[in-house]
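Visitor: Mind folding the following:
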Amino acid sequence: MSKTSAKRKKSRPADTRVASDYVAHVMRIQPTRETVESIAVAVILAFVFRSFVAEAFVIPTGSMAPTLQGQHVDVVCPECKYQFRANASDEARSNRYTVEPVCPNCRHHFLLNRSGNANHRSFTGDRILVSKFAYELSDPKRWDVIVFKYPGNAKQNYIKRLVGLPNEMLRIWRGDLYVAKRLFEMSPSENNALLAGEVSEAMRAEFEKAGNELSADIEVRANSHSILTHHSQAVSQGWQIIDREKGLAYEVRSRLAANRQMTIEFFAPFRIARKPLRKAMAMLHLVYDTHYQAPQLKQVGWPSRWRSTSTANGWKTLDDNLGYQVEASENESMIRYRHIFPTQSQWDHIEEYGELPDNVHDGQLITDHYAYNDFGSALSYGRQSYDEDSKQGMNWVGDLVIETEVKVFGESGHLVLDLVKAGVHFTCRIDVGSGEATLSRSDQGVFGYGSDTAKTVTASTRVVGSGNYKLRFANVDDELRLWVNGDLAEFDTAPQFVFEDFGSDDFAARKNLVGPVWTPKNSGDFEPVGVGAQNLKAHFERLQLYRDIYYIATDDLQLELYESPKEIVRLHRSPRQWATSDVFSTRSMMELFVEADCFLPMGDNSPASSDARMWTDFSVMPNVSEEGTQPFPYFERELLIGKAVLIYWPHGWRTGIKVPIPNVPRMGIIR
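Guide: Predicted coordinates for the structure are as follows:
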């Protein structure tokens, strides 16, 4: 072996040690570098995801209740066992604690055990996921729940429901929303023709360009009714151009535009804004559920809310006292709902003396009572605050939904469901022999529009012969809907109708306006829901009554009525006064205008939502940065953040362990 080879062999151990040391050094550094790089990549991806794809938000207030909950209490009524939620947002803002919620089902008031029951203390708001990518592919849709930057302070995020789209006029009237699309605008010089009751040739030309050519039979009608508008959009004059040949009423407004110049705008006829089915059902409020009975009310003999009519016979309460049964009869036999619930003082009397109070009322109108807003509160030093009359709901609601679980005994006969609005009976009769459902109305009105109208409409259903069926019958947004076992019935003509005809002579003269009706021979809106049968034995094993959301026409979170709450409650319980009172005909009407590429939001909790209706002066709004800026009742597209899509973590239930139990039933898609 050569000396060189020997040297090489001797040097290998040293070289190997150096190499091994280098590898070990690299191995020590590599995990650290990979960890740092992984964290950096994760942070970048999270930032990109948060900025462009989705972001989590916590709901701070109750303006979107019951759809989304801010800080709230979530309790079970100790009387009827119905679970519900009440607002507690003021606890963080003003140390005013929710101490006495009111059950929406039996109206029982009870004190929370905040010190002894951890779940009686308030919970934080819903945690939701907002898609920031949703509106990159398509435009926002009416009724979407959206998140946007408040136009008075871009650092403050708001969550509301989108109700007004670009280039629209939105009308809030009797709890519903109506929209009219802007067709074109003209110079204020056209005022002269309108004031003279004429349509100029230039106007006709613009109508034709917009695809709405006017006929020869035209009437120009100046608006005679008072309309509330946002102060930034002051309307100096309004007209309707009535095309009598086509039966259309175009709207015209001379108003202050966003550029602070006067303009005349021409709009298509108003149409009611109908909510999609799933959203409409998700936005309902419970009125009463027979499965949740208050034992104390039963014991003292509180009047039943469901009662047979004077001509009905064969009705009995089921053995479990949660439903009703009717025997087969040749005549149509009905039970009807009457809105009789105990007040706080009556509950106090029942609990103290164990007897029925003397002053039980006979019933009242169904109103826009918001259980989420109905609670007694106390400041941190103990003073309680509760005004029962103002919490009762000041506005009559005629849009109702009845659900029932019915057991049919027989192969022929009819089931009957009936909803009343303004004295008009909307009736669904289901022939259990054939499964055919027929809808009718008691007045001279029709279903459908234009040439496709009918006095009655029919659909095939699966209610055939004996069996158990779950029925839901709804009158919401001027449309009747029927579900059988969760399936929507398809009628031969759309069961839609026009209840508020803004172009009619009656409306112009403020006659025959929609209001509750009662006569000695027709209980009307005093008993607005009925179920029954004819030539058929049936068990109505559960009855659930809901009302639609009611949007209030106001700009300051005050009542849209001018009487005191006590007087309103008294009127709601006095059906003989409904026809002579002007309360129902003088409810406020509000119009808001949406500019191009802008959106108008409102909250589902209309009495307690500081939404576009209330954006009056940024300088006096909380947490704003642009003092003195002129606000408008909309926000620009660039302030839109995204679409609220999912409640991924509502509050958890507090237990003895540190890990909260998730509130699984409230997780899900946001409707």
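
Visitor: Now residue 661: closest residue in space, sequence neighbours ignored.
Guide: residue 653 (4.3 Å; Cβ to Cβ, 6 or more residues apart in numbering). C-beta: built from backbone N, CA, C; applies to glycine.

Visitor: check contacts around that neighbour.
Guide: If you count contacts by Cβ atoms under 8 Å, 6 or more residues apart in numbering, residue 653 has them with 119, 660-663.

Visitor: quick one: pLDDT of it?
Guide: Looking at residue 653, its pLDDT stands at 92.

Visitor: thinking again about what came up before, could you tell me which of the contacts of residue 653 belong to strands?
Guide: Mapping the contacts of residue 653 onto strands (DSSP state E) picks out 661-662.

Visitor: Which among the contacts of residue 653 count as buried?
Guide: 119, 663 (16 or more other Cβ atoms under 10 Å).

Visitor: Nearest to residue 596 among the contacts of residue 653?
Guide: Comparing the contacts of residue 653 against residue 596 with Cβ to Cβ places residue 663 closest, at 42.0 Å.

Visitor: Residue 294 against residue 106, yeah?
Guide: Yes: using Cβ atoms under 8 Å, residue 294 is in contact with residue 106, at 4.2 Å.

Visitor: any residues in contact with both of the two?
Guide: 77, 79-80.

Visitor: In CSV, list these along with distance to residue 187.
Guide: Below are the shared contacts of residue 294 and residue 106 laid out as CSV (distance: Cβ to Cβ, whole Å):
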residue, distance to residue 187
77, 61
79, 65
80, 63
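
Visitor: Buried ones among those residues?
Guide: 77, 79-80.

Visitor: Of those residues, which belong to strands?
Guide: Per DSSP E, those never map to strands.

Visitor: In a markdown table, list these along with distance to residue 601 and pLDDT.
Guide: Below are those laid out as a markdown table (distance: Cβ to Cβ, whole Å; pLDDT from 0 to 100):
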| residue | distance to residue 601 | pLDDT |
| --- | --- | --- |
| 77 | 33 | 98 |
| 79 | 37 | 97 |
| 80 | 35 | 97 |
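
Visitor: and which of those is nearest residue 98?
Guide: Nearest to residue 98 among those, counting by Cβ to Cβ, is residue 77 at 14.8 Å.

Visitor: which residue sits closest to the closest one, ignoring its sequence neighbours?
Guide: residue 103 (3.8 Å).

Visitor: can you give me the strands in the stretch 301-450 of the chain?
Guide: 306-308, 315-317, 324-326, 333-337, 375-379, 384-385, 400-409, 414-421, 424-431, 436-441, 447-449 (DSSP state E, counting those that start in this stretch).

Visitor: With mean neighbour count added, can I get the ones you listed in JSON lines?
Guide: Below are these laid out as JSON lines (neighbours: other Cβ atoms under 10 Å):
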{"stretch": "strand 306-308", "mean neighbour count": "19"}
{"stretch": "strand 315-317", "mean neighbour count": "15"}
{"stretch": "strand 324-326", "mean neighbour count": "22"}
{"stretch": "strand 333-337", "mean neighbour count": "22"}
{"stretch": "strand 375-379", "mean neighbour count": "19"}
{"stretch": "strand 384-385", "mean neighbour count": "12"}
{"stretch": "strand 400-409", "mean neighbour count": "21"}
{"stretch": "strand 414-421", "mean neighbour count": "23"}
{"stretch": "strand 424-431", "mean neighbour count": "21"}
{"stretch": "strand 436-441", "mean neighbour count": "19"}
{"stretch": "strand 447-449", "mean neighbour count": "18"}
